[in-house]
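1. Got a predicted structure here, sequence first:
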Amino acid sequence: MIKYDIGIIYEHPQWHEPLFSELEKRNISFEKIDLTNGFCTIEDEPRSKIYYNLVSPSAYNRGNQNAISFAYALCNYLESNNYIVLNGKDSMDLEISKSAQMMLLKNLNINYPKTHFFNNLNTLEINSGKIKFPQILKPQQGGSGSRIYKVHSFTEIKEIFDNNPNIWFPDNLFLLQNEIEYDRSFGIVRLEFIGDELLYAMRIITNGAFNLCPSVICNPVNGEAGHCEIPSTKAPEFYSYNEIDPSIVEMAKRIIKASGHSVASVEFTYGADGEAYFYDINSNSNLRENISVDYGSGSPFEKVVDYLQKQIKISTAIIY
């Protein structure tokens, strides 16, 4: 029996309070599905018209790796019942696999950093002669910049793993990517999409940090210390980027369309050769309201709920 307009599938409640508030303001009934306390009976009928999956690959940093497997099973259950799941299981396949993201970019003939992946240091050492250092070492299942290092040799990689054997958790797979030489004063660019529409472009000066989580919980607007599981030595700086090249936006739209994501973002930077190199594809986003306003898009959470309302209407027409 349908009781709610939408089910919100989530694991980090603080990130999504602005979304919950906007749904409440519009009197949209919603079911909160906390992935850290999952239970589902396959024979039961879903209770919401549509579902929006907000699971994050960084859940394991909060002791919630179980949220990942439950979210995937839940999305599969809902989709097998022919319910619309925004950022559902196909989206999750890409979200928790950085190697799959790079393969998608390769298949789309879009620039990306040369990538190796490995699950054993012995085989990595045997093949290290094929690798041009420095490299960026990153995990298959990422999130919030965790377990990412700039490395200059195999010896340095071995020291990282020897000093922290648990670094393999939870995926037991790592990537090495060619470092993209770019202008640090310009930074990298993140494009946020709702459906196939660009919400805003944001330029990020990383200040050497890998944790570029845009959540104001993790990286506050006022520059104060954030409440994130992956702290940075110096917080990144976020700026709206209204000068984005339209051809880059079209390229990003191709990525989003092929990704299975409904609400998503992509990150790229300009290399020393002047070409744009994409290196990250994210489902969902922790949206920064001040950036969206500066860009001219207004409240990002109003835009998200506008999109959700459209999807609810579509589902209602299908179901009834």
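-> Perfect, thanks for sending it.
2. quick one, helices of the stretch 101-250 of the chain?
-> 121-127, 154-163, 246-259 (DSSP state H, counting those that start in this stretch).
3. Return the most buried member of those helices.
-> helix 246-259 (a mean of 16; mean count of other Cβ atoms under 10 Å). The way it works is simple: take the backbone N, C-alpha and C, and place the C-beta from them, glycine included.
4. Can you work out which other helices and strands pack against it?
-> helix 98-107, strand 188-194, strand 197-205, strand 263-270, strand 276-283 (3 or more Cβ pairs under 8 Å, 6 or more residues apart in numbering; DSSP states H and E).
5. can we see that at 6 Å?
-> strand 263-270 (3 or more Cβ pairs under 6 Å, 6 or more residues apart in numbering; DSSP states H and E).
6. what about the strand it packs on, distance to the chain center?
-> 9 Å (Cα atoms, centre = their mean, to the nearest Å).
7. any idea of the mean pLDDT for it?
-> Mean pLDDT, computed over strand 263-270, is 97.
8. swap in stretch 30-42?
-> 96.
9. Next: stretch 156-174.
-> 97.
10. As CSV, the helices of the stretch 101-250 of the chain with distance to residue 69 would be great.
-> Compiled in CSV, the helices of the stretch 101-250 of the chain are given as follows (distance: least, Cβ to Cβ, whole Å):
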stretch, distance to residue 69
helix 121-127, 27
helix 154-163, 25
helix 246-259, 21
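11. out of those helices, which comes closest to residue 170?
-> helix 154-163 (15.2 Å; Cβ to Cβ).
12. can you pull the buried residues of stretch 268-285?
-> Within stretch 268-285, the residues that count as buried by 16 or more other Cβ atoms under 10 Å are 268-271, 276-285.
13. Any idea how far apart the tips of that stretch sit?
-> Distance across stretch 268-285, first residue to last, is 16 Å (Cα to Cα, to the nearest Å).
14. tell me the mean pLDDT for the helix ranked longest in the chain?
-> Assignment by DSSP state H gives helix 300-319 as the longest helix of the chain. On average, the pLDDT along helix 300-319 is 90.
15. With stretch 83-102 instead?
-> 97.
16. Number the residues from 33 up from this point.
-> Yes, from this point I'll number from 33; that puts the last item at stretch 115-134.
17. domains in this structure, as residue ranges please.
-> Here the domain assignment for the chain is 36-126, 147-210, 214-330, based on automatic domain parsing.
18. thinking again about what came up before, max pairwise distance over the buried residues of stretch 300-317: which two?
-> It's 303 and 316 that sit farthest apart of the buried residues of stretch 300-317, by Cβ to Cβ, at 27.1 Å.
19. Go through the helices of the stretch 133-282 of the chain and name the closest to residue 134.
-> Of the helices of the stretch 133-282 of the chain, the one closest to residue 134 (Cβ to Cβ) turns out to be helix 278-291, at 11.6 Å.
20. Would you mind writing the CA trace of the closest one as CSV?
-> Below are the C-alpha coordinates for helix 278-291, written out as CSV (Å, rounded to 0.1, in the frame of the first residue of the first chain):
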residue,chain,number,x,y,z
PRO,A,278,29.8,25.1,-23.0
SER,A,279,31.6,22.2,-24.8
ILE,A,280,32.8,20.9,-21.4
VAL,A,281,29.2,21.0,-20.1
GLU,A,282,28.1,19.0,-23.1
MET,A,283,30.9,16.5,-22.5
ALA,A,284,29.8,16.2,-18.8
LYS,A,285,26.2,15.7,-19.9
ARG,A,286,27.3,12.7,-22.0
ILE,A,287,29.0,11.3,-18.9
ILE,A,288,25.9,11.7,-16.7
LYS,A,289,23.6,10.2,-19.3
ALA,A,290,25.8,7.1,-19.6
SER,A,291,26.3,6.8,-15.8
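21. Do you know the pLDDT at the residue nearest to the spatial centre of the chain?
-> In the chain, the centroid-proximal residue (Cα atoms, centre = their mean) is residue 314; its distance is 2.8 Å. Note for residue 314: predicted pLDDT of 95.
22. sorry, back to before: centre of the chain to the longest helix of the chain, how far?
-> Going by Cα atoms, centre = their mean, where helix 332-351 is centred and where its chain is centred differ by 21 Å.
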